[in-house]
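Participant: quick one: sequence and predicted model below, then my questions.
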Amino acid sequence: MHSGKIAVIGDKDLILAFKAIGMEVFSATNAEDAEKLVKKLAKDYAIIYITEDLAQQIDQLLMKYKTKAYPAIIPIPSSQGSTGYGIQGIKKDVERAIGTDILFNKEN
């Protein structure tokens with residue numbers, strides 16, 4: 001059972017800001033650390049924010065969680081900025097749901 005807790009996975013510079021507002025934070029610097037954390041946290045957290053750079057590196061694992069109700073795993077920009085990975089994921093989900101790109105109005 002998920003308790004509604006929220007976790008943030010990312011580099012130390014970014015997660016300190018989330019810690020300041022009361023979220024539980026976990027530092028990861030590479031794909032191996034991020035993958036272990038996601039697997040561990042998925043058991044107890046309803047929402048997991050993860051920096052885009054790490055999310056890109058463990059994309060295959062994150063795809064497995066997309067079909068489950070919990071946890072919601074949401075890519076966020078790192079302290080270096082956005083890679084575009086998060087918005088591309090949203091774009092793909094919208095296209096899959098409605099069959100067309102309504103966000104950018106472009107045909108593939």
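Facilitator: Ah, there it is.
Participant: touching stretch 33-53 from outside, list them.
Facilitator: Contacts with stretch 33-53, where a contact means CB atoms under 8 Å, 6 or more residues apart in numbering, come from 2-11, 14, 18, 23-24, 26-28, 54-55, 57-58, 61-62, 65, 70-78, 80, 82-86. Every C-beta, even on glycine, is put in place using the N, C-alpha and C of the backbone.
Participant: in strands, which of the residues you listed appear?
Facilitator: 5-10, 24, 26-27, 72-76 (DSSP state E).
Participant: so among those residues, which ones count as buried?
Facilitator: Neighbour counting by 16 or more other CB atoms under 10 Å classes 6-10, 26, 73, 75-76 among these as buried.
Participant: possible to save those residues as TSV with pLDDT and distance to Tyr49?
Facilitator: What follows is these, written out as TSV (pLDDT from 0 to 100; distance: CB to CB, whole Å):
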residue	pLDDT	distance to Tyr49
Ile6	89	7
Ala7	93	7
Val8	94	5
Ile9	95	7
Gly10	93	8
Phe26	96	10
Ile73	90	8
Pro75	90	8
Ile76	87	5
